[in-house]
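> need a 3D model of the sequence below.
(chains A and B)
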There are 2 protein chains.
Amino acid sequence: MLSTKQRIAVDMDGVLADVYAQFLRMHEEDTGQKLSREQVKGLLEEEAFPLHDEHVNRPGFFRTAPVMQEAPKVLELLNTHFEVFIVSAAMEYPNSLKEKHDWLNAFFPFITWQQMVLCGSKSIIRADIMIDDHFKNLDNFQGRTLLFTQPHNQTSPTKNHQRVDNWENIAELLL
Amino acid sequence: MLSTKQRIAVDMDGVLADVYAQFLRMHEEDTGQKLSREQVKGLLEEEAFPLHDEHVNRPGFFRTAPVMQEAPKVLELLNTHFEVFIVSAAMEYPNSLKEKHDWLNAFFPFITWQQMVLCGSKSIIRADIMIDDHFKNLDNFQGRTLLFTQPHNQTSPTKNHQRVDNWENIAELLL
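Residues are numbered from 1 along each chain as shown, chains lettered A, B, ... in the order given. Predicted structure coming up:
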C-alpha cells in the first residue's frame, strides 16, 4: 500500500550530523589551530579545512560526529506525520557507508533500514519535501525545499529555498 | 544541467549479480546437498535456502558473487544512451554496503559513485525505467518495468511488467 503521507527526504551531514563540530575538532587536533564557525563562514568545507579529505576518510569521522541539537526529538515527531527518508550522498566515501548506518541506528533508533538511502547524486530522489544544506541538492529538486543553515551557505542568497537555522525552525514550519 | 536522457534504475542482486550461483555454492558447501535452479523454482530465496540469512551476512557473500552473463557489455552500452543508476535494496545488510560498492567498481568500472544508490525501499526512486527481479520493487514504480527472470519469479504471472530472461533480451528491448 502506498502511503498518503507527504514524503520528506532529510540530509545527514550538516542537517542531522554536526560535521562542522567534527572538522573543527580534528583540525585543531592535527594542526593546533583553533578555528571558529565564524572564521569559515562562506567557504566550502574543502576550502575551510585543508585536511578535509584526510578527515572524512578517517575511520570514525562519521560514526563519532555529534548529533544536531533537537534533531532526534523533532525527527521522531516528523516520523509520525510524514513518510521520512534519510538521504545521504555518501557513495564518494565508501568507508562511511556502514558508519552512517550505525550512527543513524544509535541516534535515531526509530528510523528503520527501509527509511535509509545512501547515494551519490540526489537527482534520483522522489519526495515532496527536501531538507538539505547544499544548493546542488536542492536546486534540482522538484518539491518544497528547506535550506539548513551551515557556515558554507550562510552568506549565500537563499534563492527559491526556505532557510531554516535549526531543528526548532523545522518543527515550527512542518509540525 | 539536468540530463534529457531517459533514466534507468538497475537492480543489483539477481540482475547484475548472480546471487543464486552464490546461494547454490554456499548451500552445497555447508550442507553437502547439491541443489539446482530448477529445484528452487517458484520459491522465495529465504524458502529455498535455509541458511539464507547466515549466507547473506557472511563477509564476502556480495563481494565474490559472480557477475551476470553479458551484463558488463550491455550496461556499458546502456550507459551511453541512458542516465543509468544502480539501485540496490542493501540497507538490511549493513555489512554488504562497502562490498557492493567494491563489487560494482570491479565489474562495472564505468559506473561512477554518483550513479550508485543503496537503499531500503525503492519507493523513493525517480526514474523512467526500472529493471528488477522483485515484484515488490516493480509494482509500485511509476515508469516502464522490466522483470528480470530469476527462479523465485519464474512461475509467477508477469502482471504489468515486461519479462526479460537475460541481458541480451535487455539489449534487444532498449538499444
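
> anything in the longest strand anywhere in chain A sitting right up against chain B?
In chain A, taking DSSP state E as the definition, the longest strand is strand A:83-89. Yes: counting by Cβ under 8 Å from any Cβ of the partner chain, chain B is contacted by strand A:83-89 at A:85, A:87. In this view, the C-beta of every residue, glycine as well, is placed from N, C-alpha and C.

> now the element after that strand, going C-ward?
helix A:96-107 (DSSP states H and E).

> which elements pack onto that following helix?
Where contact means 3 or more Cβ pairs under 8 Å, 6 or more residues apart in numbering or on different chains; DSSP states H and E, helix A:96-107 is packed against strand A:116-119, helix B:96-107.

> list the contacts of it.
With contacts defined as Cβ atoms under 8 Å, 6 or more residues apart in numbering or on different chains, helix A:96-107 is touched by A:12, A:16-17, A:56, A:59-63, A:65, A:67, A:71-72, A:86, A:88, A:90-91, A:111, A:113, A:116, A:118, B:91, B:94-95, B:97-98, B:101, B:118.

> returning to what we had before: format the helices and strands packed on helix A:96-107 as a markdown table; extra columns: mean pLDDT.
Converted to a markdown table, the helices and strands packed on helix A:96-107 look like this (pLDDT from 0 to 100):
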| stretch | mean pLDDT |
| --- | --- |
| strand A:116-119 | 98 |
| helix B:96-107 | 98 |
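
> of those, flag the one that's most buried.
Using mean count of other Cβ atoms under 10 Å in any protein chain shown, the stretch among those with the greatest mean number of neighbours is strand A:116-119 (a mean of 26).

> tell me the strands beside that one, with direction?
strand A:83-89 (parallel), strand B:116-119 (antiparallel) (DSSP bridges).

> outside of the shortest one, which residues touch it?
By Cβ under 8 Å, 6+ apart, the residues outside strand B:116-119 that reach it are A:91, A:97, A:116-120, A:124, B:9, B:85-91, B:97, B:100-101, B:104, B:125.

> now do the helices in chain A.
A:19-31, A:45-48, A:52-56, A:71-81, A:96-107, A:135-138, A:167-174 (DSSP state H).

> let's have the strands paired with strand A:116-119 in TSV, adding distance to A:Lys34.
What follows is the strands paired with strand A:116-119, written out as TSV (distance: least, Cβ to Cβ, whole Å):
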stretch	distance to A:Lys34
strand A:83-89	28
strand B:116-119	37
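
> low-confidence regions, chain A specifically.
Residues of chain A that meet the criterion pLDDT under 70 lie in A:1-3.

> can you name the residues of it sitting close to chain B?
A:2, A:7, A:9, A:85, A:87, A:91-92, A:94-95, A:97-98, A:101-102, A:112-121, A:123-127, A:140.

> select only the buried ones of the residues you listed in PyMOL?
Typed into PyMOL, the line below selects the buried ones among the residues of chain A next to chain B, using 16 or more other Cβ atoms under 10 Å in any protein chain shown:
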select buried, chain A and resi 7+9+85+87+91+94+95+97+98+101+112+113+114+115+116+117+118+119+120+121+123+124+125+126+127
